[in-house]
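# Quick one: sequence plus predicted model below, questions after.
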Amino acid sequence: MAWNRKHLLDIQSLSADEITTILDTARAFKAVGRRAIKKVPALRGKTVINLFVEPSTRTRISFQLAAQRLTADIINFSAEVSSLRKGESLKDTTRNLEALNADIIIIRHSAAGAPHFLSRILKASVVNAGDGSHEHPTQALLDVFTMREKKGSLKDLNVTILGDILYSRVARSNIWALRKMGANVTLAGPATLVPRMFEKLGCRVVYDLKDAIADADVINILRIQHERQRKTMFPSIGEFSKMFGINKSRLDWTKEDTIIMHPGPINRGVEIDNDTADGERSVILEQVTNGLAIRMAVLFLVNGGQGPHEVTG
Amino acid sequence: MAWNRKHLLDIQSLSADEITTILDTARAFKAVGRRAIKKVPALRGKTVINLFVEPSTRTRISFQLAAQRLTADIINFSAEVSSLRKGESLKDTTRNLEALNADIIIIRHSAAGAPHFLSRILKASVVNAGDGSHEHPTQALLDVFTMREKKGSLKDLNVTILGDILYSRVARSNIWALRKMGANVTLAGPATLVPRMFEKLGCRVVYDLKDAIADADVINILRIQHERQRKTMFPSIGEFSKMFGINKSRLDWTKEDTIIMHPGPINRGVEIDNDTADGERSVILEQVTNGLAIRMAVLFLVNGGQGPHEVTG
Amino acid sequence: MAWNRKHLLDIQSLSADEITTILDTARAFKAVGRRAIKKVPALRGKTVINLFVEPSTRTRISFQLAAQRLTADIINFSAEVSSLRKGESLKDTTRNLEALNADIIIIRHSAAGAPHFLSRILKASVVNAGDGSHEHPTQALLDVFTMREKKGSLKDLNVTILGDILYSRVARSNIWALRKMGANVTLAGPATLVPRMFEKLGCRVVYDLKDAIADADVINILRIQHERQRKTMFPSIGEFSKMFGINKSRLDWTKEDTIIMHPGPINRGVEIDNDTADGERSVILEQVTNGLAIRMAVLFLVNGGQGPHEVTG
């Protein structure tokens, strides 16, 4: 299916066909990443702005490298060094960046909806690199890309997402993507972080770890975000780890071919132990590699690329 | 007229012909910015250093992108992360950067005269990106470029510069450029910020806003620089805004086709209101676009380019 | 001799032939730096990560520019803005960077042995840009490159290294390189900073400046690192300068063609005076130029380049 969107703002508004187009395009770009010369001229002479108002080294670098491998010119712009300090608004900042003939503005922002707001006032393409607790679409896309690659199909796949669901944009975007692609989603964690309301999105909500992972083909373990959680919701790290941490012995509760995912950075010994993170079933580092391919695909498509058949060297 | 200068240090020492060469060259580069591939190979294999000892995101990014679109290799070097912290002098820092075969060093510095000093000790080309309260030549060039584009000619054009003239390098460079190009310059603002001595530069000094803007073809509104002004010179922001702020109702005091300019970032509600900043007469975002073209032209010319006829894809 | 190493971790493990291969390759790249287009396509489509966990503007920029001139894609990653703040380990950080298909990871780290550790866990090439007080191999290589260029041969050359030897990775790497290449090494400075144990590495240890420099062909003056030295070891800057500082009058104690080197940044008036630093015998800025050529050679070789005969435009 041909791609017709100018922006990538969320997963919620995408169709299953559009998601499939992104995944197929990313597969073509992943092949580029295995070549001796890991670069295509698709975005030569285009200007990409990496606007990170909330800090994130990993996602920023992944987008930067994706733009470089598409031969775009890339500008990193982070709020710490910007004139946002001088009281300039996000609207003025982005319109000024756009006036530099920017073709694509990638934005990470602590406010949910910031990318949607920008897409209404800018002529440039807008890519959401994470907005508040709302969505993180490229993370979800790389997650489902990895699952499809490992398991063949997303249809009827049993995926368990584990941990801090309530505050997680990664969880939200994953739930949308997985449900659209026909996967079965189980959410598990402490009741304060996994409210029953998520059942309305078509998910199973479970508070018992054994039950949550017994039939899972995929366990996607979220990072415990100390910095975001209110103390009242979260008794202690030790308690979480004891009840919901994935470790070597708990892998016995799963099927033999269950794969372990994590968006990183991991808290070793908290939500995951060393044996599991570095073990044979872990695909955590492959997720990073796939993230680069997904971001190349997204930048390529929002800039007017039609699909995987157009990816060439 | 062919360009023969190795540096761009100020506007004061340029001739009208030289300014015209820069503007014409920038016009050619602006056309490049509208192409699908916004890039020319003019500076391929050249090394450009962005040395910002005083913070400025906008000007730095504009120069960075200008260098990228000329296919130069660009290094950003800001004082916060530099060995200037270790007590190294500007002389040693720049000579070390030059020893990396740098072709062009762009410098912003809080000390007036820093670019001139460097031009005497370095073999590389030096471009002034703002030195203290002295000059900001590329800002003035993009301002007169915008005026010429909008009004056809600078000859006998009535330009009013409004606000903090005394401490403004933007004002100084604009006055030099406009007077050389035959424009009539009116300066207006509180008496403490617009001393009569500027009349010696051939400007009209006016303390009444209505009088200052009645015949203006262009109103160039400077940013109120809270951080630089001494309290004794500047009673209050509210008072300034009341006396000299440009807003919708005051636009009635101007001619119908007066254009509104501002070097940015704007203080909405202080020196300019939202209606004016975002209104039909505002060319503020076009200034940003033109700034990129001017900076491409300047980097091109100081590196040995002769003029607009040499700009190609 | 053909190059067979995947990493550059130290000088200690290199043979004289390997050092010669690097120097000869750097000589070819230095010629590239004198061309109008200072760029070769050798690393096109390769990804180089500049991972600086300890701050260093000069070395980082030198490596960045080296990578750019080899047409690589380069990512700067410094610990201040990284998720190392979130408690992620060096191991996880670098494995994640590598998962972005990184070909070469350049690392500066305050812990001795960090590059060796990485070389054991990563598939990417690792280049040591300075590890604790252990080694700084590219600095030593640029130093011996400069000596060879100026003096024709390193064999039997008399080299005096002056200053804080005890804590200096520059001194350590220089000693290894010079001894392997057949030079005679004299170490001089206060006894607390130049212990006798260095004699075991084949060096002469001298506590009298006149004696130390009388026969020197080269004097390599180290930077006094205020920040690293314990107060008990180092009475005062003034005292050091008085006893071991190199100044105009002390140059009379040397041979007429003795050259003066310093890894920079220099403390003017402390270990070296202005006349000497900027005088005819100083090759300090040429060291910077040569550093770029050395780093191009190292990146080229660890990426599979065989030697100088392969360096082309």
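Received, thanks. Residues are numbered from 1 along each chain as shown, chains lettered A, B, ... in the order given.

# per-residue confidence averaged over the helix or strand hosting A:Ala66?
For A:Ala66, the element it lies in under DSSP states H and E is helix A:57-69. Taken as a whole, helix A:57-69 has an average pLDDT of 95.

# near chain C, anything from it?
Yes: among the residues of helix A:57-69, A:57-58, A:61-62, A:64-65, A:68-69 lie within reach of chain C under Cβ under 8 Å from any Cβ of the partner chain. Quick note: C-beta positions are derived from backbone N, CA and C, even for glycine.

# and which of these is nearest to chain B?
Relative to chain B, the closest of the residues of helix A:57-69 next to chain C is A:Gln68; by Cβ to the nearest Cβ it sits at 11.5 Å.

# separation between the closest one and A:Ile74?
Between A:Gln68 and A:Ile74 the distance is 6 Å, computed by Cβ to Cβ, to the nearest Å.

# next one: A:Arg44
According to Cβ to Cβ, A:Arg44 stands 12 Å off from A:Ile74.

# out of those two, which sits in the more crowded spot?
Summary of the neighbour comparison: A:Arg44 and A:Ile74, criterion other Cβ atoms under 10 Å in any protein chain shown, with A:Ile74 having more neighbours (23 against 15).

# What angle do strand C:73-78 and the helix or strand encompassing that one make with each other?
Using DSSP H and E, the element containing A:Ile74 is strand A:73-78. For the pair strand A:73-78 and strand C:73-78, the angle between their directions (axes from the mean of the first three to the mean of the last three Cα atoms, to 10 degrees) equals 10 degrees.

# Check which helices and strands strand A:73-78 is in contact with.
Packed against strand A:73-78, as judged by 3 or more Cβ pairs under 8 Å, 6 or more residues apart in numbering or on different chains; DSSP states H and E, are the following elements: strand A:47-52, helix A:57-69, helix B:57-69.

# out of everything not next to it in sequence, what's closest to the residue nearest to the spatial centre of chain A?
In chain A, the C-alpha nearest the mean C-alpha coordinate belongs to A:Gln139, at 0.9 Å (Cα atoms, centre = their mean). In space, not counting the residues next to it along the chain, A:Gln139 is nearest to A:Val170; the distance is 5.1 Å by Cβ to Cβ, 6 or more residues apart in numbering or on different chains.

# residues contacting that neighbour?
Shown here is A:Val170, whose contacts under the criterion Cβ atoms under 8 Å, 6 or more residues apart in numbering or on different chains are A:136, A:139-140, A:143, A:222, A:263.

# redo that, cut-off 10 Å
With contacts taken as Cβ atoms under 10 Å, 6 or more residues apart in numbering or on different chains, A:Val170 has the following neighbours: A:130, A:133, A:135-136, A:139-140, A:143, A:161, A:163-164, A:220, A:222-223, A:225, A:262-263.

# The residue of the stretch 1-150 of chain A found nearest chain B and A:Asp278: what is the separation?
Evaluated by Cβ to the nearest Cβ, the stretch 1-150 of chain A has A:Gly45 as its residue closest to chain B, separated by 3.1 Å. When Cβ to Cβ is the yardstick, A:Gly45 and A:Asp278 sit 42 Å from each other.

# Repeat that for A:Lys38.
A:Lys38 sits at a distance of 26 Å from A:Asp278 (criterion: Cβ to Cβ).

# swap in A:Asp24?
Distance of A:Asp24 to A:Asp278, computed by Cβ to Cβ: 31 Å.

# just A:Thr20 next, same as before
Looking at A:Thr20 against A:Asp278, where the rule is Cβ to Cβ, the gap reads 32 Å.

# Also A:Ile22?
Here the criterion is Cβ to Cβ. By it, A:Ile22 lies 29 Å from A:Asp278.

# same question, A:Leu166
Separation of A:Leu166 from A:Asp278 (Cβ to Cβ): 29 Å.

# go on, A:Thr93?
Counting by Cβ to Cβ, the separation of A:Thr93 from A:Asp278 is 41 Å.

# Could you do A:Asp208 as well?
For A:Asp208, the distance to A:Asp278 equals 27 Å [Cβ to Cβ].

# So if I had to pick from the two, which one is more boxed in?
Shown here are A:Asp208 and A:Asp278; by other Cβ under 10 Å, A:Asp278 has more neighbours (16 against 11).

# these two touch, right, that one and A:Arg268?
Yes: taking Cβ atoms under 10 Å as the contact criterion, A:Asp278 and A:Arg268 are neighbours in contact, 9.3 Å apart.

# Please enumerate the shared neighbours of the two.
Jointly contacting A:Asp278 and A:Arg268 under the rule Cβ under 10 Å, 6+ apart are C:91-92.

# Contact partners for A:Glu199?
Residues in contact with A:Glu199 (Cβ under 10 Å, 6+ apart) are A:187, A:205.

# Am I right that it is in a helix?
Yes: secondary structure assignment (DSSP: H, G, I helix; E, B strand; the rest coil) places A:Glu199 inside a helix.

# Can I get the helix or strand of chain A with the lowest mean pLDDT in PDB, CA atoms only?
Taking mean pLDDT, DSSP states H and E as the measure, chain A has helix A:237-244 as its least confident helix or strand, at a mean of 89. Taking C-alpha atoms only, helix A:237-244 is exported to PDB below (Å, rounded to 0.1, in the frame of the first residue of the first chain):
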ATOM      1  CA  ILE A 237      12.000  -0.700  43.700                       C
ATOM      2  CA  GLY A 238      12.800  -3.800  45.700                       C
ATOM      3  CA  GLU A 239       9.200  -4.700  46.000                       C
ATOM      4  CA  PHE A 240       8.600  -4.200  42.300                       C
ATOM      5  CA  SER A 241      11.600  -6.300  41.400                       C
ATOM      6  CA  LYS A 242      10.500  -9.100  43.800                       C
ATOM      7  CA  MET A 243       7.000  -9.200  42.300                       C
ATOM      8  CA  PHE A 244       7.400  -8.400  38.600                       C
END
